[in-house]
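1. all I have is the shape, not the residue letters:
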């Protein structure tokens, strides 16, 4: 596939090829600018002082770089009467996202394994019912979910939030794993059965070790969804269990107070750091994982 | 298995928290999160703590309380309502009708709230005759703010009629100054609209239209005139107003980029934060016309279990309406106290003006609830009106069409 | 006994998820359907009042705008994100030296929520602060980019930001697709002397049909659920020119205390989802049972 | 001695479709049973049923004298080699081979010993630390065999194990499997669609079509006395000539008349044809038709035939002629004088002839 670029046949002159190559790079750069623009605005603003923001252009390089806003955002900004910055909420989000991602990934893997490799009557119907669940607008579920969480005694707790994220993550995680596992020949399961391995042993010893690429895709997807979630976070948390997006919203979206844009922006970047990091570090594996089968139909 | 484990953990947490007998507890849901606001709430928390209470803060900002209301609904449905919630206007009665509010009449009667609160404001705090909410402050909504230097250099005085305002605006526009700093968000459009409506319809007309939803008034020629004035105002706004936050509009006035802004008295906080002095750097006046549109923040107490929480509610209600808190809080927030017997010595000139106007309006019956800030109508109706107002302001809809749509939208909102 | 367990273990493993989906998706849809027939206000009530909420919904000009916007926004967003994603993927597939960096730059918006980027976008799009002002500052006095303040164009800024957020992901999907195309077919085509662009249009792109479908589904799902995007960028304005069904529903349910109305709009949204997803599921399952 | 594998009236349905119908097969210890048939005939399904990988819908199945009808694969004392080898991709070769033992909790020393044995037997010692992905097709095949061998099962099952190899390797592995069978004396069931593989390996062949057994027998029985037209046509390459013929009963003798488009019909005599219906299909393998003078014996009868095509194939030359409206192939020696278009005298060995019913296709003699 990648040979395509270099072995273009004689129809093009050398000069034309170089020009084309330049054009390609210029285009890529232009798009890179488009994608970077908001981040640029956020970073520059977070490094300015409030005075400079009030007086200067919002979209310009800082005249004087200061990291005060970052310090404030992390440990000093007020989200209500508590002025501890994002810090405590950040850890709430970690406590919430890590188990939720792990549980929903594991459930998705098991579900995908069953649907792809242990087909039984009705499995496809169940799968499509689950898939449809991915498309339900989350606003719809807020109120009945609140009621159920209350009945289960999970209202306002982090386990409650984990529960909600796991439930609404099942559709996508199952989809990912199922599409990955259908590309694995079913003879593998048969061989393992003859070898004496049972359902879970086959999953654990044979399928799970094979699943790294799709686990990466699923984890990235789920982590992004859960970390960035605001709606569930604001609805199903109470004081002390609010995730970082709610705190960020409290900092950024005050309606009738003085706005500190530099702190807002620094807070926004801090709140986004984990997901950014995941994409930067695991981005390569993301493409690989997609290539490894999850994109098929 | 897992669930019961969770339940056990939270039960233990509850038990350990309530081990000390009836120490006042309060989890307070509010959307005061920015610096000045948060400082104001911190005052309350301090007083609460000084009286032996434990305050748990549950701030949810965004959308003028929308996000907080989302959280509230989920909390109430899950049977886990916060102890106290920032609620205002008819929403208090709406929640009361759902049967989830607690009665705080005992506190109110012991503290004699009826004697110190203006009758119209007290009315908002009562549900079926009993007290169900405690007022914190009075924001005046129908303010017009101006940059003193800009007015002076253009030889303009604060307008007292809309015609004067229009004339001044045209003059300013000719001089290259943006006459009206405005942020094109639905609630800001509605804020300007109600100020205009109050000026043109008068106090009685305003009450008829936006409290009683009287169809004749809503479709009257005067209402057409209100929309006409809105169309005129649209011409005084710069091209980039859409989606602008209100405080950026305030900054335009501060910088002299623009001359006027019509906004509630929280805008004063922005001026103050930038070190501007009222009367010197910036001017405040009520918008043209008689009357006073108030936006009263208040706390409603929800039905909760546990002696400690009930004790917390009573303590909180007592403190909120207490004179010391009313003074300190409003100094921070830019509003004026809800109770009328608080000393105003420490307040700035704008606040004094506001307090005096409130007194006068209260006496002549022109003390009116702000529709744009959810004081006059229930959410569905005020929302329906705002839809039309903002649609008209942001398009070339004719005033006659707007009036027709207004009546229809109101009818369709029940 | 152990044999019974062995035979039914797969079903038992799937059962909790299935039950969860039944309750938390279909049960809740049923609940919403019920509530949409009531006069629920602040909190749900359960006495049926017929189709009054639907009558109100269809009488509301704001809902009209929201549905129109959904179709404009949905169509543009899906088409542009797909085309751009494909284009970027093809460009990145030309042995670009800095591919890793560029790919990350294209992909990172997916990692950010709009709560994070909303303010930055607002400034960039605002004519007085952002692109228009900057370009004018460079001396192009007549440059104009004021979509966000123009009710007729504001919806396109939503498209712009939505494309910004999602096209990188689509690119990743397509890039993965390009990388898994059988190399021998391409070699065969090159031997046949077919020009590069023809190889793409005639061989590679058609072979990625399943990816188009996947991308379409992901994008359609984003389009229908788009909510924080609008809230952060325009708040539905100017006026309610950029309202979408999701924001309409949210406004009704949570700022207006009109839950019955919100439920009826949710049901209509669900019907739209249904119309898109069911054919997809049908084709998906048919293809898979054939194999 | 009890049969090592005994299948009695086995049925297999998917919903309402019958995949396997009334299968009855038994083999003795040491037998090499080959299931052969065109793709989709149900032979792989039958193998999966034997392995316990597919539940059966009816009938019973005994392995080693024990009822295994509802026993799970791991307890059937079998080992299986798959078409795609089904090696565990994330495990080394050694781990692939010992995985089954590990699952069964066999001690490490035994595992190591058995691994060493099998590895030397298959000459894969140098591959033990590699991953399946690093192996060639033939090597993977050996590892898959190793995984089966290490089990010492009562019954080996092979599912088209050679079909993914190239021609040369296939022949090599085939003889290796045969050798293995002979040295181990193990019982094996082997699925293939390649009739040569079936003939070379089997001690017993089951020919299947459409989920129904067509014939069970030794390779020579299957080859020489096919039970019906399908078996006759499927086994052997080039295939058996199947020529429509008319039988005229003539007192003690029977006349067999074969029409042809050019010239007069051929008439043979065969007492075996006595009592057969008038219309039959006559089956004769190419090697039973020779050039006159190269074949003599009791049943040999000669006839002039028009040569249409001559295909030299090294050791033999195939000569094609038209009889009864069919192309008839004769296997002649390499130096045959046959030339297309010429007439040649053919010798037909009627002692080897098979008669089939035109209606049912069943063998008549």
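-> Here it is on my side, so go on. Every value quoted in this text rests on a predicted model; they were computed, and no experiment measured them. Residues are numbered from 1 along each chain as shown, chains lettered A, B, ... in the order given.

2. which parts of the longest helix along chain D are buried?
-> Using DSSP state H, we find that the single longest helix of chain D is helix D:167-184. Counting neighbours by 16 or more other C-beta atoms under 10 Å in any protein chain shown, one finds that the buried residues in helix D:167-184 are D:170, D:173-174, D:177, D:180-181. (C-beta placed from N, C-alpha, C; glycine too.)

3. beyond it, next helix or strand please.
-> strand D:187-192 (DSSP states H and E).

4. sheet partners, orientation included, of that next one?
-> The partner list of strand D:187-192 in its sheet, established with DSSP bridges, is strand D:32-36 (parallel), strand D:155-159 (parallel).

5. give me the pLDDT for the nearest residue in space to residue C:128 that is not next to it in sequence.
-> Spatial nearest neighbour of residue C:128, excluding adjacent residues (C-beta to C-beta, 6 or more residues apart in numbering or on different chains): residue B:240 at 3.6 Å. Confidence at residue B:240, expressed as pLDDT, is 80.

6. residues contacting residue B:240?
-> With contacts taken as C-beta atoms under 8 Å, 6 or more residues apart in numbering or on different chains, residue B:240 has the following neighbours: C:126-129, C:146, C:149.

7. between these, which is nearest residue C:60?
-> Minimum distance to residue C:60 across those is 24.4 Å, recorded for residue C:149 (C-beta to C-beta).

8. what about the chain, any weak spots by pLDDT?
-> Reading this off chain A. Low-confidence segments of chain A, defined by pLDDT under 70, are located at A:1-13, A:54-59, A:79-81, A:253-259, A:292-297.

9. let's do chain C instead
-> For chain C, the stretches with pLDDT under 70 are C:1-3, C:284-291.

10. which residue ranges of it form strands?
-> When secondary structure is read from DSSP state E, chain C shows no strands.

11. buried residues, stretch C:122-139. List them.
-> Neighbour-count burial for stretch C:122-139 flags C:122-134, C:136 (criterion: 16+ other C-beta under 10 Å).

12. just name the closest of the residues you listed to chain B, please.
-> Nearest to chain B, judged by C-beta to the nearest C-beta, of the buried residues of stretch C:122-139 is residue C:128 at 3.6 Å.

13. ok, now which ones touch that closest one?
-> B:238-240.

14. what residue spans form the domains of chain B?
-> Under automatic domain parsing, the residue ranges defining each domain of chain B are B:25-139+B:296-350, B:140-294+B:361-412.

15. any chance of CSV for those domains, columns distance to residue C:79?
-> Rendered in CSV, the data for the domains of chain B read as follows (distance: least, C-beta to C-beta, whole Å):
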stretch, distance to residue C:79
domain B:25-139+B:296-350, 31
domain B:140-294+B:361-412, 26
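
16. out of those domains, the one nearest residue C:52 is which?
-> The minimum distance between residue C:52 and these falls on domain B:140-294+B:361-412, with 10.5 Å, by C-beta to C-beta.

17. helices of the stretch 101-250 of chain A, start to end?
-> Using DSSP state H, counting those that start in this stretch, the helices assigned to the stretch 101-250 of chain A run over residues A:123-133, A:138-152, A:158-181, A:187-194, A:199-202, A:208-210, A:212-228, A:231-235, A:244-252.

18. who is the residue positioned nearest the centre of chain B paired with across the strands?
-> For chain B, the residue nearest the mean C-alpha position is residue B:295 (3.6 Å; C-alpha atoms, centre = their mean). Each beta-bridge partner of residue B:295 is listed here, defined by DSSP bridges: residue B:139.

19. test my guess that it contacts residue B:375.
-> Yes: if you go by C-beta atoms under 8 Å, residue B:295 and residue B:375 touch, sitting 5.7 Å apart.

20. which of the domains of chain B has the lowest mean pLDDT?
-> Going by mean pLDDT, the lowest-scoring of the domains of chain B is domain B:25-139+B:296-350, which has a mean of 87.

21. who touches both of residue B:295 and residue B:375?
-> Between them, residue B:295 and residue B:375 share these contacting residues under C-beta under 8 Å, 6+ apart: B:88, B:369.

22. just to revisit the earlier point, from residue C:126, how far off is the residue nearest to residue C:128?
-> Remark: distance between residue B:240 and residue C:126 (C-beta to C-beta, to the nearest Å) = 6 Å.

23. mutual contacts of these two, please.
-> With C-beta under 8 Å, 6+ apart as the test, residue B:240 and residue C:126 both reach residue C:149.

24. what parts of chain C come near chain B?
-> Taking C-beta under 8 Å from any C-beta of the partner chain as the test, the list of chain C residues beside chain B reads C:41-44, C:56, C:59-62, C:122, C:126-129, C:146, C:148-151, C:154, C:231, C:233-241, C:250-258, C:261.

25. helix or strand: which one has residue D:48?
-> Using DSSP H and E, residue D:48 maps to helix D:43-51.

26. show me what the helix or strand residue B:29 falls within is packed against.
-> When elements are defined using DSSP H and E, residue B:29 is found to belong to strand B:25-30. Helices and strands touching strand B:25-30, as assessed by 3 or more C-beta pairs under 8 Å, 6 or more residues apart in numbering or on different chains; DSSP states H and E, comprise helix B:35-50, strand B:54-59, helix B:66-77, strand B:84-87, helix B:307-321.

27. now those in CSV, with distance to chain C and mean neighbour count?
-> Shown next, in CSV, are the helices and strands packed on strand B:25-30 (distance: least, C-beta to the nearest C-beta, whole Å; neighbours: other C-beta atoms under 10 Å in any protein chain shown):
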stretch, distance to chain C, mean neighbour count
helix B:35-50, 17, 20
strand B:54-59, 15, 22
helix B:66-77, 4, 25
strand B:84-87, 11, 27
helix B:307-321, 20, 22
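
28. in chain C, which residue sits closest to chain D?
-> When you check chain C against chain D by C-beta to the nearest C-beta, the closest residue turns out to be residue C:6, at 5.9 Å.

29. distance of that residue from residue D:47?
-> Counting by C-beta to C-beta, the gap between residue C:6 and residue D:47 amounts to 20 Å.

30. compare these two (neighbour count), which wins?
-> In this comparison of residue C:6 against residue D:47, neighbours counted by other C-beta atoms under 10 Å in any protein chain shown, the higher total goes to residue D:47 at 21 against 14.

31. that one reaches residue D:191, doesn't it?
-> Yes: counting by C-beta under 8 Å, residue D:191 is a contact partner of residue D:47 at 4.9 Å.

32. common neighbours of those two, please.
-> Both residue D:47 and residue D:191 are contacted by D:35, D:159, under the criterion C-beta under 8 Å, 6+ apart.

33. which helices and strands does the helix ranked longest in chain A pack with?
-> For chain A, the helix that runs over the most residues, judged by DSSP H, is helix A:14-46. In this structure, helix A:14-46 makes packing contacts with helix A:68-75, helix A:261-289, helix C:61-92, helix C:99-107, helix C:114-125, helix C:154-179, judged by 3+ C-beta pairs under 8 Å, 6+ apart.

34. show me what counts as buried in that helix.
-> Of the residues in helix A:14-46, those buried by neighbour count under the rule 16+ other C-beta under 10 Å are A:24-25, A:28, A:31, A:34-35, A:37-39, A:41-42, A:44-46.

35. ok, now stretch B:155-166?
-> Across stretch B:155-166, burial judged by 16+ other C-beta under 10 Å covers B:156, B:158-159, B:162, B:165-166.
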